[in-house]
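Asks: Pasting the sequence and the predicted coordinates here, then a few questions.
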Amino acid sequence: MSADKDIDGWFAERGITLPDSRARARAALEEVGLTSSRKVRISEAKLPRAEQVLAERFYRVCAASECQQVARASGKEALLVEPRSHCEHCGGSNNRRAEVAFLETCQRRGVRRVVVVGGSPAVREELENKLGGRIELRMVDGTERRTAGKAQSDLEWGDLVLVWGATELHHKVSSHYTQPGTPHRHKVVHVARRGVAALLEAGISHLER
Ligand SMILES: [Zn+2]
């Protein structure tokens with residue numbers, strides 16, 4: 001006897017757990033004759049084909065609005081998944097989600113240029129990779145001397161200036177950006193927590209104020 005698998009269980013392994021998503025995924029399999037409405041189980045031999053049918057028809061996506069937008073642009077039907085680690089766009093990653101939300105907020109608030117002061121070289125590279133195509137970034141190495149004039153031009157250039165105090169950041173560098181009395185004070189956010197998600201969330205809450 002060939003092995004078979006519980007259909008709902010197989011769906012759940014793919015994040016297809018919500019009743020509506022499950023019904024639509026099932027209907028897609030029924031349409032091509034891989035199962036019928038009476039069946040609870042499916043033979044394992046049919047699973048590769050079932051996988052292909054779902055992949056061709058649906059874009060599996062979480063509820064984040066950017067992810068939904070990407071799903072709509074995919075030319076496939078959006079299929080809401082839960083947990084969001086199954087999202088084909090963000091994979092449920094905290095960093096990725098923060099990046100998505102940050103870009104969304106920047107767009108809504110008309111923020112196009114962002115200065116990040118501090119952070120490690122690896123993190124700066126990640127930010128450049130993930131955000132660089134969508135907003136203009138200027139990264140300031142917090143361990144290297146920055147002249148007052150350069151810092152001033154950063155403050156003028158940026159729509160938002162994230163001063164990342166929890167990271168490799170010398171006081172001599174950060175003080176250029178945080179000294180009281182600068183007319184650009186409203187753009188400057190002091191971030192005390194580590195991690196990309198924390199940095200971007202601090203930026204978001206500043207912009208949402
Ligand atoms: Zn997502």
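Replies: Received, thanks.

Asks: Can you list the low-confidence ranges for the chain?
Replies: For the chain, the stretches with pLDDT under 70 are 1-2.

Asks: Show me where it has its strands.
Replies: Remark: strands assigned in the chain by DSSP state E are 4-6, 41-43, 58-61, 77-80, 113-117, 136-140, 160-164, 188-191.

Asks: of the ones you listed, which approaches T17 most closely?
Replies: strand 77-80 (9.4 Å; Cβ to Cβ). For every residue, glycine as well, the C-beta is placed using N, CA and C.

Asks: could I get that closest one in PDB with only the CA atoms?
Replies: C-alpha atoms of strand 77-80 as PDB (Å, rounded to 0.1, in the frame of the first residue of the first chain):
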ATOM      1  CA  GLU A  77      -3.500  34.800  -6.600                       C
ATOM      2  CA  ALA A  78      -2.500  35.900  -3.200                       C
ATOM      3  CA  LEU A  79      -2.900  33.200  -0.600                       C
ATOM      4  CA  LEU A  80      -2.800  34.300   3.000                       C
END
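
Asks: So which bits of that strand are buried?
Replies: 78-80 (16 or more other Cβ atoms under 10 Å).

Asks: what's the closest of those residues to G133?
Replies: A78 (23.1 Å).

Asks: got the contact list for the closest one?
Replies: By Cβ atoms under 8 Å, 6 or more residues apart in numbering, the residues touching A78 are 58-59, 61, 68, 71-72.

Asks: Which of these ranks first by neighbour count?
Replies: Most neighbours among these, by other Cβ atoms under 10 Å: V61, with 28 neighbours.

Asks: how close does the spatially closest residue to it that is not a sequence neighbour sit to Y59?
Replies: Sequence neighbours aside, A71 is the residue nearest to V61 in space, at 4.1 Å (criterion: Cβ to Cβ, 6 or more residues apart in numbering). Counting by Cβ to Cβ, to the nearest Å, the separation of A71 from Y59 is 4 Å.

Asks: Need the overlap of contacts for the two.
Replies: Both A71 and Y59 are contacted by 78, 88, under the criterion Cβ under 8 Å, 6+ apart.

Asks: Give me the angle between the top helix by length along the chain and strand 113-117.
Replies: Longest among the helix segments of the chain by residue count, using DSSP state H, is helix 94-109. Relative orientation of helix 94-109 versus strand 113-117 (axes from the mean of the first three to the mean of the last three Cα atoms, to 10 degrees): 140 degrees.

Asks: which bits of the chain sit near the ion?
Replies: Within the chain, the residues that sit near the ion (Cβ under 5 Å from the ion) are 62, 64, 67, 87, 89-90.

Asks: Narrow those to those in helices?
Replies: C67.

Asks: Redo the residues of the chain next to the ion as TSV? Include neighbour count and distance to C106.
Replies: Listed next are the residues of the chain next to the ion as TSV, based on neighbours: other Cβ atoms under 10 Å; distance: Cβ to Cβ, whole Å:
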residue	neighbour count	distance to C106
C62	25	20
A64	19	15
C67	26	17
C87	27	21
H89	21	18
C90	22	17
